[in-house]
Each structure stands twice: as structure tokens, then as C-alpha cells.
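A.B. asks: heads up, no residue letters with this:
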Ligand SMILES: Nc1ncnc2c1ncn2[C@@H]1O[C@H](COP(=O)(O)OP(=O)(O)OP(=O)(O)O)[C@@H](O)[C@H]1O
Ligand SMILES: [Mg+2]
């Protein structure tokens, strides 16, 4: 199995103003993600889990370390150093990210959010329409919500839409930051089903979960974090 991602010696600190104080995000993180592998990260609040994901997605620029990613378009490249232009391409075409919190544009309907994610992929409009409706229905978003702005959605509805948007692209690498935090049992099962499907279709996944039960059966390996460091590479 080839590697899709190889993180080595990753350090991210935050300077606190005013003064010389520095807050540790993550330090000396090493991890490898194989192609088609699903790795889970767990750990206490504030231990640096989201920081790792944000460095990979380049929301954060790390102080040091390498994030080697095997891109379909560019070959092997270091996400810690890649140009903004390449990062923008990768975010559009290869790397998906489901945030812990949903931010939605105020004037775009649920349907348009998912459709626009698919249109980047070169499908034609009728195909996109059909695939979008299938995905929204899978996540049990009531069809009365499809043409509504999601600002007023409940937390769980927003989350399900967020996941639908990320999955619409069938990304090569999918980063998940507690995507199931506020979902009920049935919705979680729906998410799990599609994550497994994506995995069998070749997506590699790196996800943060608090729910050990959820990780069971989907994650190939579970890593543990504590105070900015990975403390175990193989919990199960
Ligand atoms: N942009 C930032 N500016 C300053 N400090 C930050 C920033 N982002 C993260 N931190 C700090 O880095 C540490 C790790 O944060 P991170 O968000 O990675 O934790 P986490 O493990 O994802 O926690 P949670 O489970 O609560 O989401 C925390 O102490 C946090 O306050
Ligand atoms: Mg977090």
C-alpha cells in the first residue's frame, strides 16, 4: 500500500500577544496514512487534534516539519511549503475537510452547496442534480429543506449537509474534524455507511472522533494525542 500522506516533525505554536508567551498547538508529530486507509485520532480537548488537521489543510502554516502528500495532479509535494495556487487546486479537487463547526454562506441553498461541490468534477447538470438529491436523501435531509438557505438549519442538519458537501467530491483525502459530534445514533450510522463506501472507492481518511464506538469497525488504526504530542500510534 502506497502512502498518501506522511507527516514528519510537525510543529505548530501560537504566539500570544502581548508578551513572549507561546501556546503549543502540536509538537513533533509524525504520522503516515496509507492509500485507502482510515486513521482515527482521539485525545482530550485542547490536545492539538484540530491543529494537525488544519496544518494538513493549510488553514495553519506550521513553524517546522513536512507534510508529504501524494497528489494525483502534482505528484509528491510538501503541503507545508506548497504554493497557495496549488493548495487552492488541491482543496477544490483532491482534499476534503469537514470542520468541527459549520460555516455556511448566507445566500446559497442546501441543494446549491452540494451541486457546486460536484460541478467542479466535470459531471453534466442532470447527473449532478440526480446525485445531489440522492446524497441529500441519504442523509435524511427533508426535501422541504433542499431549496432553503441553511442558516436556520438545526446543528445536526448543518452537520449532515457539511458531510454531504465534502463527500460529493469523492476526495482523494478526506479530513474529518469530529463530524458526528452532535448527531443522533441513526444519523451517525448513515455517516458511517458513506464513509465506509468512500473508503472502498479509494478515499484515504484521517478523522478526529471522541466516540470510540463510532471508530470501531471503520478505522484501521487509532492514534492518541496528549498535550500536543501523539502518544500512541496504534490504540487498536
Ligand atoms: N488559532 C489559534 N490561536 C491560538 N491558539 C490556538 C489556535 N488554534 C489552536 N490553539 C490552541 O492550541 C491548542 C490545541 O488546539 P486544538 O484546536 O488543536 O485542540 P483539539 O485537540 O482539537 O481540541 P477539541 O477537542 O476541544 O477540539 C489549544 O490549547 C488551543 O487553544
Ligand atoms: Mg478540535
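C.D. replies: Received, thanks. Just so you know, these numbers come straight off a predicted model, no measurement behind them. Ligands and ions are numbered 1, 2, ... in the order given.

A.B. asks: I'd like the next helix or strand past the helix or strand hosting residue 97.
C.D. replies: Assessed by DSSP states H and E, residue 97 sits inside strand 95-98. Scanning forward in sequence from strand 95-98 by DSSP H and E, the next helix or strand is helix 110-119.

A.B. asks: which parts of that following helix are buried?
C.D. replies: Across helix 110-119, burial judged by 16 or more other CB atoms under 10 Å covers 110-115, 117-118. Just so you know, the C-beta spots here come from the backbone N, C-alpha and C atoms, and that holds for glycine as well.

A.B. asks: cool, and stretch 186-205?
C.D. replies: Judged by neighbour count using 16+ other CB under 10 Å, the buried positions of stretch 186-205 are 187-188, 190-192, 195, 198-199, 203-205.

A.B. asks: what comes into contact with stretch 136-150?
C.D. replies: 102, 104, 106-111, 113-114, 133, 153, 157-158, 160-161, 163-164, 186-187, 190-191, 194 (CB atoms under 8 Å, 6 or more residues apart in numbering).

A.B. asks: and that stretch, what's buried?
C.D. replies: Residues of stretch 136-150 classed as buried: 136, 138-139, 141, 145-146, 149-150 (neighbour count, 16+ other CB under 10 Å).

A.B. asks: how about the contacts made by residue 153?
C.D. replies: The contact partners of residue 153, taken as CB under 8 Å, 6+ apart, are 110, 145, 161.

A.B. asks: which helices and strands does the strand holding residue 97 pack with?
C.D. replies: When contacts are defined as 3 or more CB pairs under 8 Å, 6 or more residues apart in numbering; DSSP states H and E, strand 95-98 packs onto helix 155-168, strand 173-177.

A.B. asks: does ligand 1 sit close to the shortest one?
C.D. replies: I take that to be strand 173-177. No - with CB under 6 Å from any ligand atom as the criterion, ligand 1 is not reached by strand 173-177; the gap is at least 7.2 Å.

A.B. asks: and that strand, which strands flank it?
C.D. replies: For strand 173-177, sheet partners with direction are given as strand 95-98 (parallel), strand 204-208 (parallel), following DSSP bridges.

A.B. asks: can you list those strands in JSON lines and add mean pLDDT and distance to residue 19?
C.D. replies: Output for those, formatted as JSON lines (pLDDT from 0 to 100; distance: least, CB to CB, whole Å):
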{"stretch": "strand 95-98", "mean pLDDT": "93", "distance to residue 19": "32"}
{"stretch": "strand 204-208", "mean pLDDT": "96", "distance to residue 19": "30"}
